[in-house]
Every structure is written in C-alpha cells, then in structure tokens.
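# structure for this input, please:
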Amino acid sequence: MPLLPETVRRIDEITARAQAEGRVPSIALGVVRDRAVLHFAGAGVQPRPDPKTQYRIGSITKTITATLVMQLRDEGFLTLDDQLHRHLPGTPVGGVTLRQLLGHVSGLQREPDGPWWERTTGGSVGDLLAGLTPEKLSGSPNRRFRYSNLGYGLLGAVLERVTGQGWTELAGKRVLDPLGMKRTTCAPVEPYARGHVVHALDSALHEEPRPDTGAMAPAGQLWSTVTDMAKWAAVLADPAPAVLSRETVDEMCAPVAISDLETWTEGHGLGPQLFRAGERVYAGHGGSMPGYVSHLAVHRRSRMGVIVFANAYGLHGTSIKKISLTALTAALDGEPEPVEPWRPPAEPHGEAAGIQGRWWWMGREYSIDPDADGLLMTGPDHRTRFTAETPDRWRGVSGFNEGEILRIERSPTGEVTHLNIATFVFHRNPRHPA
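All right, here's what the predicted structure looks like:
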C-alpha cells in the first residue's frame, strides 16, 4: 500500500532540507516495508539519487557480521559465551567473549593499531591478530558500553577460523544470496555514488579513496542500495527463516547495553543498535566510511523502516541518524496502523476447554482464551501467551510470563482446582484467599 500524499510530502521535505542544509552532494532515502520500497526520496545531483545506486553503508555491515555469528551459534559451531581464545588461541585479549564483542561491552579499544583502517588497504587476519597486545583492553568487560570496530574485526577472524571460509564468502553465501541482495557487494559496482569530504570553509569537494579494508571488512566494508537494504530491513522486522529464526532476531534486538546513560535514547543489542524516539524503539544501525554516512532504522512491530545514504563524510548542522529517525517517525505518525480483522475465537478443546474463562489472583480478574495454537492469558496489567508442553503443563512463550510454567492443579477426582504460575496461584472463586 503506498504512503498517503501528505506523508510523501513530509518525507520529500525532510530529504530535500537535509541535502540542502547538510551540504552534501546527494541523499537517497527510502521508506520500506515487507521488502518493498514504499517511497523513494532523493535530493542532489552528484549523483542524481536512484533506489538502485550503490552507496557505502559502513557499519551497517556489522549487522551482517552479527547475523553470521548467530547463524553459527544456532547451528552449534560456537556459543556466545565462548571466550575469544577458544577460537583464536594465543591472542592476548582472549578472555573476552563473543557476546561481549557483539554488544560492544568487551572493553576493547575502538580501533586496531596502524594507519586509520577506513582509509587504508587492509591486511590479512594474521596481520590483525599480530597487532594485538594486552593494552588493547582499555576497560573492564561488561563495565560500560565502548564501541569497538576492532571487536568486529576479531569476530570476522573467528568466523574464518570456525568455518575455514573468508568473511566475504560467508556473507555472500549465508546472507546476501539467500535474500536476493544482488546489489550488495564488497567493492563498488556501477552505478555507485562517489564519496566526498565537503570542506567547511569553502564547501569544496574532496573525493575519498575506496579501499578494501581486508580483515576489518566485517566492521564496515559493504556497499548497497536502497532497494537491497529494504530486504535487509525486512529481516529485522519479519525474519526470513532461511537466514535467521524470529527467536534469534528477537534475541539480537534485546538490549545488551545502554550507550547514553543520561538520556537512555540509544542502546545496543547483539549486533543491531536500538534507538528510542518518543514512545517507540527502532532497531537498526548507523554507518560511516570516508566519504559516506548511512543509517537504517526499523520499527519492528509495524514492519516499517527507513534507509538513508549520503555521499559525504557527515552533514552540516545535523546527523544522518537524526534524518533517519525523523523520517521514520514522520512515516509512522502519518500512516494509519493496519487494523487486524476480528475473528471468532477458536473452539477450545482438551485442557484448554477446562481452564478457559475467568480466574482471580489477589482480587484481580484474569481471563484465559484460546489463541492460535495455545492460550492467551489477559489481566489488568499484562498478557501472556502459553503453549502446551506436557499434560497439565504450559509454557509462557511471550508477554509478562514468558519462560514461566503454568501448571494445572487437580483434585483427586481430576477436577481443575487452581492454576499455579511461578508460585502465583489463580482460583475460579474471586474471594478465595491467595
């Protein structure tokens, strides 16, 4: 369904103003949902933006790297609590875990030693590991958020050691190819936007080099398009089983750390960044490489997202993140939420029939109703979905009691007497003592 005309006008205005006031050669912005570009807005002429023009996406690449790690975890090749030395024996920073690296709470410093890796042709994994020293741990693990490009270079090294395949090959075979992301590549493929630094004094353009970053590629190498990134945004919102299960993407999008402890508007999961805008939380990632900035933000519940690229190293007076979050918020505010049709409840059977209806705990009323393949428990302050495990035993799969057990307690004659959820006892009689 296309965006409403007023929403389109607002998105176009945000894009045009960002390009003009931000003093960048071009901006490409797409509002996306369910793998499709609902609206494309472009501004500038160097080059004239197009949904299929490549821009360098920088650290959005990290979400691909995190996906590869989670795939191997799900397949049993590693665990997130593996220490680094299990896969990279002899490394002087081997005590940090893969989980800490994914969430940027390992204490590792931000960059590897040597020339700035983003503007330099990169070396091999062996070169990266040879440059490690104990001093690379500049803080204690789990003490606070410390963004580390080096950490993602090391995750790439782990992937190579575990699989015997390079990061580029893994990303293509395991993520890009299954999703049909044919215009997402490790080197630019025409048509692509040339990246620039725009000098503050005279607005002169300086074209930046586009090196292959070698072993640091897992931290920021990829190039992509708005059309391709719509497919990636869809994975964050509605996971593709060929790539990741919903449970794994939910795990990746759960907060590991809050990165701004004063305002609590930004955090980090196991790969994705998390952004709070008003009462909404978006998942995605920002990116920058010399000559380019990028941002991806997805509102998972509505499955709507925004992708924005600019071919300059920063924008005057604003940020690519602000543009992205402003555009996504405008799209969500301007569009009516899809209304799910009412359907009559499923006919209860078996145990579900015996416990359907009203229950009380501490004078509060709760209801249990059939829901898809399980039960939905609704109360004054929370909801939980349960699925059956064994006779008289149900597991909470979402909501307040996720992971908890609902036990059906019976009398000697087999009649249901009460429900026990994590020691909280529910009765049919509203006046029954708790």
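# count of neighbours near R9?
The criterion is other C-beta atoms under 10 Å. On that basis, R9 has 12 neighbouring residues. C-beta: built from backbone N, CA, C; applies to glycine.
# is it fair to say it lies in a helix?
Yes. With DSSP: H, G, I helix; E, B strand; the rest coil as the criterion, R9 is assigned to a helix.
# stretch 268-284: which residues count as buried?
Of the residues in stretch 268-284, those buried by neighbour count under the rule 16 or more other C-beta atoms under 10 Å are 268-277, 280-284.
# using PDB, write down the CA coordinates of that stretch.
Output in PDB follows, covering the C-alpha atoms of stretch 268-284 (Å, rounded to 0.1, in the frame of the first residue of the first chain):
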ATOM      1  CA  HIS A 268      22.900  -1.800  21.600                       C
ATOM      2  CA  GLY A 269      21.900  -5.400  21.200                       C
ATOM      3  CA  LEU A 270      23.800  -8.400  19.800                       C
ATOM      4  CA  GLY A 271      24.600  -6.500  16.500                       C
ATOM      5  CA  PRO A 272      21.800  -4.100  16.000                       C
ATOM      6  CA  GLN A 273      21.700  -0.600  17.600                       C
ATOM      7  CA  LEU A 274      18.500   0.400  19.300                       C
ATOM      8  CA  PHE A 275      17.100   4.000  19.100                       C
ATOM      9  CA  ARG A 276      14.300   5.500  21.200                       C
ATOM     10  CA  ALA A 277      12.200   8.100  19.500                       C
ATOM     11  CA  GLY A 278       9.400   9.200  21.800                       C
ATOM     12  CA  GLU A 279       7.400   6.100  22.800                       C
ATOM     13  CA  ARG A 280       8.800   4.000  20.000                       C
ATOM     14  CA  VAL A 281      12.000   1.900  19.900                       C
ATOM     15  CA  TYR A 282      13.700   1.300  16.500                       C
ATOM     16  CA  ALA A 283      16.300  -1.400  15.600                       C
ATOM     17  CA  GLY A 284      19.000  -0.800  13.000                       C
END
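# so for that stretch, mean pLDDT?
The average pLDDT within stretch 268-284 is 97.
# again, but for stretch 215-224
For stretch 215-224, the per-residue pLDDT values average out at 97.
# endpoints of that stretch, how far apart?
Across stretch 215-224, the straight-line distance between its terminal residues is 20 Å, by C-alpha to C-alpha, to the nearest Å.
# again, but for stretch 18-28
The separation between the terminal residues of stretch 18-28, taken as C-alpha to C-alpha, is 11 Å.
# buried residues, that stretch. List them.
18-19, 22, 24-28.
# likewise for stretch 197-216?
Buried-residue list, stretch 197-216, by 16+ other C-beta under 10 Å: 198, 205, 208, 210-211, 213-216.
# could you do stretch 418-430 as well?
Buried, per 16+ other C-beta under 10 Å, within stretch 418-430: 418-419, 421, 425-426.
# the residues you listed in helices, which ones?
Cross-referencing those against helices under DSSP state H gives no overlap.
# nearest to W232 among those?
Nearest to W232 out of the buried residues of stretch 418-430 is I421 (C-beta to C-beta; 38.4 Å).
# for the closest one, give me its contacts.
If a contact means C-beta atoms under 8 Å, 6 or more residues apart in numbering, then I421 has 396, 401, 404-407 as its contacts.
# ok, 6 Å please
401, 404, 406 (C-beta atoms under 6 Å, 6 or more residues apart in numbering).
# of the residues you listed - the most surrounded one?
Going through the contacts of I421 with other C-beta under 10 Å as the criterion, the one with the most neighbours is L406, at 25 neighbours.
# secondary structure element for it?
Using DSSP states H and E, L406 sits in strand 405-410.
# who does that strand pair with, and is each partner parallel or antiparallel?
strand 393-399 (antiparallel), strand 416-421 (antiparallel) (DSSP bridges).
# what mean pLDDT does that strand have?
According to the model, strand 405-410 has a mean pLDDT of 96.
# for D369, which non-adjacent residue is closest in space?
In space, and not counting its chain neighbours, D369 is closest to L376: 5.3 Å by C-beta to C-beta, 6 or more residues apart in numbering.
# looking at it, that neighbour is touching T387, isn't it?
No. The pair L376 and T387 fails to qualify as a contact (C-beta atoms under 6 Å) at a distance of 10.8 Å.
# tell me which residue is most central in this protein.
With distances taken as C-alpha atoms, centre = their mean, the residue of the chain nearest its centroid is P272 (3.5 Å).
# how near is it to A331?
If you measure P272 against A331 using C-beta to C-beta, to the nearest Å, the figure is 19 Å.
# what sits against the residue nearest to the centre of the chain?
The contact partners of P272, taken as C-beta under 6 Å, 6+ apart, are 63, 252-253, 283, 285.
# give the helix, strand or coil label for the closest residue to it other than its chain neighbours.
Sequence neighbours aside, A283 is the residue nearest to P272 in space, at 4.6 Å (criterion: C-beta to C-beta, 6+ apart). Here A283 is recorded as strand under three-state DSSP.
# got a list of what A283 touches?
A283 makes contact with 236, 253, 272, 274, 298, 300, according to C-beta under 6 Å, 6+ apart.
# what is the neighbour count of the first one?
Read it as L236. Using other C-beta under 10 Å, L236 has 26 neighbouring residues.
# any low-confidence regions in this protein?
Low-confidence segments of the chain (pLDDT under 70): 434.
# closest to D381 out of the contacts of P272?
C253 (23.9 Å).
# how's this structure carved up into domains?
Per automatic domain parsing, the domain ranges recorded for the chain read 5-334, 351-426.
# of all those, which one is nearest P433?
Between P433 and those, the shortest gap by C-beta to C-beta is with domain 351-426, which sits at 9.7 Å.
# so how far is that closest one off the chain centroid?
Domain 351-426 sits 32 Å away from the centroid of its parent chain (C-alpha atoms, centre = their mean, to the nearest Å).
# now the terminal residues of it, how far apart.
For domain 351-426, the first-to-last residue distance is 16 Å (C-alpha to C-alpha).
# now L315. Its backbone dihedrals?
The phi/psi pair for L315 (degrees, to the nearest 10) reads phi -120, psi 140.
# next one: the residue lying closest to it once chain neighbours are set aside from H295, what distance?
Using C-beta to C-beta, 6+ apart and skipping the chain neighbours, the partner closest in space to L315 is G22 (3.2 Å). Distance check for G22 against H295: by C-beta to C-beta, it reads 13 Å.
# how about G305?
Between G305 and H295 the distance is 10 Å, computed by C-beta to C-beta.
# in a helix, D333, correct?
Yes. D333 forms part of a helix when assessed by three-state DSSP.
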